[in-house]
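In: Show me the folded form of this:
(one chain, ligands or ions: 2)
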Amino acid sequence: MPKTVAICNQKGGVGKTTTAVNLAAALALLEVRTLLIDLDPQANATGGLGIEKKEVARSVYQALLEGVPMDSLVMPTKVSGLWLIPSHVSLSGAEVELVGLPEREARLKQVLTPLKGSYEAILVDCPPSLGLLTVNALTAADSVLIPLQCEYYALEGLSQLLETIRLVQDSLNSRLAVEGILLTMADFRTKLTSDVIQEVRRYFESKVYDVVIPRSVRLSEAPSRGVPIALYDPGSVGARAYQNLAERIKENLHVRDARIGQRDTSPDSGEKSDLSGGGTGPEQGSGGPNSVDSDPTQPVSTSSETG
Ligand SMILES: Nc1ncnc2c1ncn2[C@@H]1O[C@H](COP(=O)(O)OP(=O)(O)O)[C@@H](O)[C@H]1O
Ligand SMILES: [Mg+2]
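Out: Numbering: from 1, shown residues only. Ligands and ions are numbered 1, 2, ... in the order given. Next comes the predicted model:
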């Protein structure tokens with residue numbers, strides 16, 4: 001069975017799509033058969049993989065609302081071992097159209113089931129909201145990966161996201177785990193970046209990946225060429241960061257039980273989160289040191305590299 005990971009943060013512009021596309025490609029290049037589902041009506045992951053948004057005749061919308069089999073929607077990409085189920089602007093209507101349907105939160109889970117034998121990892125790029133599409137992703141997923149941008153209000157809104165995750169765990173998907181928190185767009189020359197990294201690690205400890213994604217022009221250019229960074233500029237810092245992240249995720253593909261425990265902790269409350277309490281944090285399985293020991297000034301940790 002593949003592990004299904006939802007890439008989720010209701011804030012826009014935090015690096016969800018960049019992470020979805022580049023992590024998916026990096027996993028495929030590590031020989032993990034990977035499917036990326038673009039669940040954002042903006043279809044940026046679809047475009048970022050070189051598929052013209054206007055040319056998408058059938059998207060995940062048709063599976064969720066019209067009963068079209070998911071396997072008929074799968075498209076190959078320029079990366080061997082990576083497939084895509086594209087999105088389309090019509091998906092924006094799905095938020096409303098799903099409301100009246102039975103098991104409206106479990107549609108994605110249902111349509112994904114027949115596909116599961118074909119992949120080792122399924123990534124879902126979520127829209128910037130906590131609406132029904134995101135709830136569908138969380139209901140279908142084994143875990144959620146949360147990108148946080150290294151900026152002043154990085155933690156703002158995170159308690160709302162964690163609350164949504166808890167609600168989904170309670171009523172829709174008890175196995176949902178937090179895969180890890182990924183710091184993105186780090187500018188290591190600034191004190192702000194190191195302050196944010198320190199702050200986020202203080203709350204979430206080992207749930208924060210030691211791999212931090214640097215701000216990189218090459219990462220922002222790649223989508224305009226319709227390829228992931230691994231093909232656009234494989235030697236760049238951004239490509240190496242996503243490759244390192246993919247190695248962590250690959251090591252963790254079999255781990256599925258890192259639930260959030262304590263209910264009354266929120267990043268806004270000044271309390272520590274016990275996200276790390278499950279003992280299956282991002283650094284687990286890699287044999288690497290605890291993330292708090294790693295040097296936050298380094299764009300890409302190489303401390304637990306394995307061959
Ligand atoms: N590490 C990065 N370095 C530079 N630009 C980035 C990086 N990550 C994302 N971006 C850019 O920031 C913008 C928002 O990123 P995106 O991944 O689309 O966020 P989201 O999907 O959360 O809305 C995009 O223009 C993207 O190219
Ligand atoms: Mg996006």
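
In: and the one residue in the stretch 101-250 of the chain that gets nearest to ligand 1, how many neighbours does it have?
Out: Per CB to the nearest ligand atom, residue 220 is where the stretch 101-250 of the chain lies closest to ligand 1, at 3.5 Å. Quick note: C-beta positions are derived from backbone N, CA and C, even for glycine. Number of residues near residue 220 (other CB atoms under 10 Å) recorded here: 13.

In: swap in residue 104?
Out: By other CB under 10 Å, the residues close to residue 104 number 16.

In: Can you tell me the SS state at the residue in the stretch 201-307 of the chain positioned nearest to ligand 2?
Out: Residue nearest to ligand 2 within the stretch 201-307 of the chain (CB to the ion): residue 223, separated by 10.3 Å. Residue 223 falls in the helix class when you classify it by DSSP: H, G, I helix; E, B strand; the rest coil.

In: Tell me how far it lies from residue 44.
Out: With the distance defined as CB to CB, to the nearest Å, residue 223 ends up 7 Å from residue 44.

In: Which residue, neighbours along the chain excluded, lies closest to the residue of the stretch 201-307 of the chain closest to ligand 2?
Out: Nearest non-adjacent residue to residue 223, counting by CB to CB, 6 or more residues apart in numbering: residue 48, 3.9 Å away.

In: surely that neighbour meets residue 21?
Out: Yes. Counting by CB atoms under 8 Å, residue 48 touches residue 21, with 4.6 Å between them.

In: Between the two, which contacts overlap?
Out: Taking CB atoms under 8 Å, 6 or more residues apart in numbering as the criterion, residue 48 and residue 21 both touch 223, 228.

In: and the gap between the spatially closest residue to residue 40 that is not a sequence neighbour and ligand 2?
Out: Excluding the flanking residues, the one nearest residue 40 by CB to CB, 6+ apart is residue 127, at 4.1 Å. For residue 127, the distance to ligand 2 (CB to the ion, to the nearest Å) stands at 7 Å.

In: go on, residue 199?
Out: For residue 199, the distance to ligand 2 (CB to the ion) stands at 24 Å.

In: Can you tell me the closest non-neighbouring residue to that residue?
Out: residue 155 (7.0 Å).

In: quick one, phi/psi of the one you found?
Out: phi -90, psi -10 (degrees, to the nearest 10).

In: Can you get me a residue count around it?
Out: For residue 155, the number of neighbouring residues by other CB under 10 Å comes to 16.
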